[in-house]
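Asker: following is a predicted model, sequence given first.
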Amino acid sequence: MYDLAGSQWQLTDPPFPMRSWHNNSQSVSFLDSIVKPFAQEAYLPMDLKSLIRDIPDFPKPGIVFRDITPLLRHPEGLRYTVDLLAQTCKQAGLTPDYVVGIESRGFIFGPPLAYQLGAGFIPVRKPGKLPSAVHTIEYELEYGMDCLEVHQDAFDSGCRILIADDLIATGGTAAATAKLVQKIGCELVGFSFIIELRDLQGRQKLPDAPIVTLVEY
Ligand SMILES: O=P(O)(O)OC[C@H]1O[C@H](OP(=O)(O)OP(=O)(O)O)[C@H](O)[C@@H]1O
Ligand SMILES: Nc1ncnc2[nH]cnc12
């Protein structure tokens, strides 16, 4: 039994999928349990992979696109995903001041994750979208090059940052964001992704910090 943020929580059956947090030097799999307030019905375990659609050859031949839109339109799937992410971050001891979310799919899960962790949210955006002075980050994608921006005055000195995105592929996007966060002098407490594409070994590009993931391919 846990007492999280002042409310009572109860352990129930292990869920699908295998969630974990680990960094490059250690790997810890949790006793996979879902916690719920006593007052509410316990979750049924959910197979999140069944809500992620594979689209072959998108956006380029040879890429299998992992499409999360079926998961997003599924009320229980969406709630389960956000709750499981937040719960796993809490169990991993991740207590950020800010969740940094990467445009565009990092804007979907970043804010509800920040809300549940009692943190603020900082958007990292595609070029030309932010109105004030920005830092610019260049990075490599699984299928091309891209560039991101963040407001220069978004970070307080020494603040604790959790980087959140829907998916890690080559790791270029998250690694570039991490570099920027560390260069500014913030403390990187970890990373959070729904999906990890293991074959692309993106985590090898990331600095040594806990990595929360829910689904692996
Ligand atoms: O690990 P990487 O190889 O860097 O790839 C992961 C990134 O790719 C996707 O975003 P994308 O750039 O396709 O933009 P979108 O979220 O706007 O679709 C995904 O949401 C991650 O941000
Ligand atoms: N294979 C993939 N599916 C969905 N989003 C991605 N971003 C980078 N690679 C991706």
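Answerer: The structure has been received and is ready for your questions. Numbering: from 1, shown residues only. Ligands and ions are numbered 1, 2, ... in the order given.
Asker: when you work out contacts or count neighbours from here on, use the C-alpha atoms and nothing else.
Answerer: OK.
Asker: which positions in the chain make contact with ligand 1?
Answerer: Where the chain comes near ligand 1, counting by C-alpha under 6 Å from any ligand atom, the residues are 103-105, 141-142, 165-173.
Asker: ok, now with 5 Å
Answerer: Neighbours of ligand 1 within the chain, by C-alpha under 5 Å from any ligand atom: 104, 105, 141, 142, 168, 169, 170, 171, 172, 173.
Asker: next, format these as JSON lines and append distance to residue 118.
Answerer: Formatted as JSON lines, the residues of the chain next to ligand 1 follow (distance: C-alpha to C-alpha, whole Å):
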{"residue": "104", "distance to residue 118": "22"}
{"residue": "105", "distance to residue 118": "21"}
{"residue": "141", "distance to residue 118": "31"}
{"residue": "142", "distance to residue 118": "33"}
{"residue": "168", "distance to residue 118": "24"}
{"residue": "169", "distance to residue 118": "28"}
{"residue": "170", "distance to residue 118": "30"}
{"residue": "171", "distance to residue 118": "26"}
{"residue": "172", "distance to residue 118": "28"}
{"residue": "173", "distance to residue 118": "25"}
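Asker: for those residues, which one is nearest residue 157?
Answerer: residue 173 (22.6 Å; C-alpha to C-alpha).
Asker: three-state assignment of the closest one?
Answerer: The three-state label given to residue 173 by DSSP: H, G, I helix; E, B strand; the rest coil is helix.
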